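>>> with the sequence up front, the predicted model follows.
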Amino acid sequence: MMSEDEIRTFLQENFAEVLASKNKGAIMKEVMPALKGKADGKAINMIVAELCK
């Protein structure tokens, strides 16, 4: 499982355009398939919410 820091780095490197939209639903839709089985969904959700602020 990926740590919170690894998830944050992965998202910022691979999903910068989607993160810029600040649309949590759209971000989760893009991110979850890429991280399925690699990271905890709750941790991903928390980090995405944090990055949307």
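Everything's here; your move.

>>> what about this protein, any weak spots by pLDDT?
Low-confidence segments of the chain, defined by pLDDT under 70: none present.

>>> show me where it has its helices.
Read by DSSP state H, the chain holds these helices, from start to end of the chain: 4-14, 16-20, 24-35, 41-51.

>>> redo those helices as CSV? Include mean neighbour count.
Placement of C-beta: from N, CA and C, glycine included. Formatted as CSV, the entries for the helices of the chain read as follows, by neighbours: other CB atoms under 10 Å:
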stretch, mean neighbour count
helix 4-14, 15
helix 16-20, 13
helix 24-35, 15
helix 41-51, 15
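
>>> so what's the residue nearest to residue 43 when sequence neighbours are not counted up against?
The spatial neighbour of residue 43 that comes closest, neighbours along the chain excluded (CB to CB, 6 or more residues apart in numbering), is residue 4 at 5.6 Å. When the contact criterion is CB atoms under 8 Å, 6 or more residues apart in numbering, the partners of residue 4 are 43, 46-47.

>>> how about residue 7?
Residue 7 makes contacts with 35, 39, 43-44, 47, as judged by CB under 8 Å, 6+ apart.

>>> now swap in residue 40 and tell me
Listed by CB under 8 Å, 6+ apart, the contact set of residue 40 reads residue 1.

>>> any figure for the gap between it and residue 22?
Using CB to CB, to the nearest Å, residue 40 is found at 23 Å from residue 22.

>>> and for residue 48?
Between residue 48 and residue 22 the distance is 10 Å, computed by CB to CB.

>>> and which of the contacts of residue 7 is nearest residue 26?
Closest to residue 26 out of these is residue 44 (14.0 Å), distances taken as CB to CB.

>>> no further questions, thank you.
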